[in-house]
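Undergrad: Quick one: sequence plus predicted model below, questions after.
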Amino acid sequence: MKRTLLTIGLIVSLLNSYACMRKGGGNVNDDSGPIKVGVYMDLTGDTAGFGKSTTNGIELAVDEINAAGGVNGRQVKLLIEDDQGRPEQAKTVVSKLISQDHVHAVLGEVASSNSLAAAPVAQENKIPMISPSSTNPKVTQTGDYIFRVCFIDPFQGAVMAKFAANTLKAKTAAIFGDVNSDYSKGLTEFFEREFNKLGGTVIRKETYTQRDPDFKAQLTNIRAANPDVIYVPGYYGQVGIIAKQARELGLNKPMMGGDGWDNPELWNLGGEALKNSYISNHYSVDDPSPAIQKFVTAYKSKYKGVAPDSLAALGYDAMYVLADAIKRAGTTESAKVRDAIAVTKNFLGVTGSITINKDRDSIKPAVVLELDPAGRKYTYKETVQPE
């Protein structure tokens, strides 16, 4: 009889525990203790510079939020995972953050391929996820729990096509993109579409992969085509080398790219070869806005004088957007936090005013920056507003 009662008691206890759990993780009514935010980034792989900058921005935001009393009286606790820049690992670590660490929300990733691998896990478990800087449109199409605080590739690609045609007066262009990158493929598509609409012609397209050690064969083909501009929608690790090899071949036409170029390591890889290059980006570190300069000063103070790149700024904004949503929701209950993120409007971040639209994308302007390798900085050229 005692054994039967013990068994029944154990079953009831397990059922009660299960009833208080949401699928994949934390408690439904868990409104006490720290707010647990999972962060998954590439911290040791080919795009580790992106991951480290973004994580730095997130950590700075959390320091400020906690110092000001937290969110709804609760401190924010970060649980950071290294996905090594690999999509399969991104999926694995987000599964861990949700099922084992019971995080209330997830921030990540930078590379669209990694976000696309991990987003279905967050969606299935109904855990809000905000990507600071994955620009491929497919990321938020994963489901209604997936958001971003950056602009998307159709806008970014169009920005540089307009700059090429209207400002640089280019009539022809070559595109040199990463065949395995969702980010690069998206920018290629939207740049070409807009450039054609403006009367331009893409006269040569070449591809590479992140692991390629040499790019001279493709660059020689581009040189033979003699385009007015060269669009390289890739990441800093390859772009710096591509720029150097292009100039060695006498290919001195303007080079253009996207936010994937923005990392301090680019200067070490490309050096003077980066002269006469332009990128679309999320903000300018030289913007005199008091809010931006306050962020820049705080970041430099925390990270030994290093200026924050756009990835750091987007990480910072992503954390503040999440904190603002939790504050408005008055709870960490996932459905209510999701609903609060979805109605974010005119949130003043350091990368601009952020409004989340019906597709869970951020509507915001882009800036075009010119690279100054001598000063190792990006010089503001113009701002392009979304239509």
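TA: That came through fine. Residues are numbered from 1 along each chain as shown.
Undergrad: And the strands in the stretch 101-250 of the chain, which stretches?
TA: Across the stretch 101-250 of the chain, reading from the start of the chain, the strands by DSSP state E, counting those that start in this stretch fall at 105-107, 129-131, 146-148, 172-178, 201-208, 229-231.
Undergrad: Out of the ones you listed, the one nearest Glu81 is which?
TA: Shortest separation from Glu81 across those is recorded for strand 105-107, at 9.7 Å, computed as CB to CB. In short, each C-beta sits where N, CA and C put it, glycine included.
Undergrad: Now do the closest one: everything it contacts.
TA: Identification of contacts with strand 105-107 by CB atoms under 8 Å, 6 or more residues apart in numbering yields 37-40, 58, 94, 97-98, 118, 122, 127-132, 315, 318-319, 322, 326, 332, 334, 337.
Undergrad: that older thread, out of the strands of the stretch 101-250 of the chain, which is the most enclosed?
TA: Here the criterion is mean neighbour count by mean count of other CB atoms under 10 Å, and of those the winner is strand 129-131, at a mean of 31.
Undergrad: Does anything pack onto it? Which helices or strands?
TA: With contacts defined as 3 or more CB pairs under 8 Å, 6 or more residues apart in numbering; DSSP states H and E, strand 129-131 has these neighbours: strand 105-107, helix 112-125, strand 146-148, helix 310-329.
Undergrad: What strands line up against it, and which way round?
TA: Taking DSSP bridges as the criterion, strand 129-131 pairs within the sheet with strand 105-107 (parallel), strand 146-148 (parallel).
Undergrad: Distance to Phe155 for these - can I get that in CSV?
TA: Shown next, in CSV, are the strands paired with strand 129-131 (distance: least, CB to CB, whole Å):
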stretch, distance to Phe155
strand 105-107, 22
strand 146-148, 12
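Undergrad: So which residues of the stretch 151-300 of the chain form helices?
TA: Using DSSP state H, counting those that start in this stretch, the helices assigned to the stretch 151-300 of the chain run over residues 153-162, 182-197, 216-225, 236-248, 265-270, 290-302.
Undergrad: Out of the ones you listed, the one nearest Val110 is which?
TA: Once the helices of the stretch 151-300 of the chain are compared by CB to CB, helix 182-197 is nearest, at 9.1 Å.
Undergrad: Name the nearest residue to Leu348, ignoring sequence neighbours.
TA: Distances taken as CB to CB, 6 or more residues apart in numbering place Ala291 nearest to Leu348, at 6.8 Å, with adjacent residues excluded.
Undergrad: which SS class is Leu371?
TA: strand (DSSP: H, G, I helix; E, B strand; the rest coil).
Undergrad: Please report the distance of it from Thr142.
TA: 34 Å (CB to CB, to the nearest Å).
Undergrad: can you check Glu88 too?
TA: On the measure of CB to CB, Glu88 and Thr142 end up 16 Å apart.
Undergrad: So which of these two has more stuff around it?
TA: Set Glu88 next to Thr142 and count neighbours by other CB atoms under 10 Å: Thr142 wins out with 19 against 11.
Undergrad: Tell me how far the more buried one lies from Tyr183.
TA: Here the distance between Thr142 and Tyr183 works out to 16 Å (CB to CB).
Undergrad: where does the stretch 251-387 of the chain dip in pLDDT?
TA: Within the stretch 251-387 of the chain, no stretch falls below the threshold (pLDDT under 70).
Undergrad: Now do the domain split for this structure, please.
TA: As recorded under automatic domain parsing, the domains making up the chain are 23-151+290-356, 154-281+368-384.
Undergrad: export the ones you listed to CSV and tack on distance to Ser362?
TA: Shown next, in CSV, are the domains of the chain (distance: least, CB to CB, whole Å):
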stretch, distance to Ser362
domain 23-151+290-356, 5
domain 154-281+368-384, 10
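Undergrad: what comes up buried for stretch 153-172?
TA: Of the residues in stretch 153-172, those buried under the neighbour-count criterion (16 or more other CB atoms under 10 Å) are 153-165, 168, 170-172.
Undergrad: can you give me the helices in the stretch 1-150 of the chain?
TA: Across the stretch 1-150 of the chain, reading from the start of the chain, the helices by DSSP H, counting those that start in this stretch fall at 2-19, 48-67, 87-99, 112-125.
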